[in-house]
Structure formats: C-alpha cells, structure tokens
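Asks: Take a look and give me a structure for this.
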Amino acid sequence: MPLAGRGPEEAGRHSENAPDAAFNKWLQMGLHTMFDDVASEPIPEDLLKLIERDREK
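Replies: Modelled structure (predicted):
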C-alpha cells in the first residue's frame, strides 16, 4: 500500500519508511496545531443557506 493511504502509525512500522513517517507525524501535528480551532468552529448560516439552496436544485 502506498504511504499516502496509510496512517502515520502504520507507515512507521517499516524501517525504510521511518523518515517519511517522521515527516508525516510532524506535518500532521503542525496542521492540527494551526487548524483545529478553525475546524471546530460552527458553519456560518450564510454558507448553510447556500448549501441548502444548491441541494434543492
């Protein structure tokens, strides 16, 4: 299975993939640090209305 389809913990099981696993873990932690607060915010009402209008088409 390619690395892209694996979780960081599975990628780290193979010694030849250790540098990739370390980078993937670092990237995952950095992205969570930057974007967890934003991702947990409620979806704005205007956006929800746009989505609902699109569904009705």
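Asks: So for the longest helix anywhere in the chain, what gets flagged as buried?
Replies: In the chain, assigned by DSSP state H, the helix with the most residues is helix 18-39. Across helix 18-39, burial judged by 16 or more other Cβ atoms under 10 Å covers 21, 24. (Each C-beta comes from the backbone N, C-alpha and C, glycine too.)
Asks: Tell me which other helices or strands that helix touches.
Replies: Under the contact definition 3 or more Cβ pairs under 8 Å, 6 or more residues apart in numbering; DSSP states H and E, helix 18-39 sits against helix 8-11.
Asks: Now do the helix it packs on, average pLDDT.
Replies: For helix 8-11, the mean pLDDT works out to 53.
Asks: Output the below-cut-off pLDDT ranges for the protein.
Replies: Across the chain, the ranges flagged by pLDDT under 70 are 1-16.
Asks: cutoff 50 now
Replies: 1, 11-12 (pLDDT under 50).
Asks: If you tally nearby residues, what's the number for Asn17?
Replies: 15 (other Cβ atoms under 10 Å).
Asks: oh, I was asking about Leu48
Replies: Going by other Cβ under 10 Å, the residues that sit close to Leu48 add up to 11.
Asks: ok, it to Ser40 distance?
Replies: The gap separating Leu48 from Ser40 is 16 Å, by Cβ to Cβ, to the nearest Å.
Asks: and if you look at Lys49?
Replies: On the measure of Cβ to Cβ, Lys49 and Ser40 end up 21 Å apart.
Asks: who's more crowded, the two?
Replies: Between Lys49 and Ser40, counting by other Cβ under 10 Å, Lys49 is the more crowded of the two (10 against 7).
Asks: how about the CA coordinates for the host helix or strand of that one, as CSV?
Replies: Using DSSP states H and E, Lys49 maps to helix 45-56. This file holds the C-alpha atoms of helix 45-56, laid out as CSV (Å, rounded to 0.1, in the frame of the first residue of the first chain):
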residue,chain,number,x,y,z
GLU,A,45,-25.5,30.4,8.5
ASP,A,46,-24.9,32.0,5.1
LEU,A,47,-22.9,29.0,3.9
LEU,A,48,-25.5,26.6,5.2
LYS,A,49,-28.2,28.5,3.3
LEU,A,50,-26.1,28.3,0.1
ILE,A,51,-25.7,24.6,0.5
GLU,A,52,-29.4,24.1,1.1
ARG,A,53,-30.3,26.1,-2.0
ASP,A,54,-27.9,24.0,-4.0
ARG,A,55,-29.5,20.8,-2.8
GLU,A,56,-32.9,22.0,-3.9
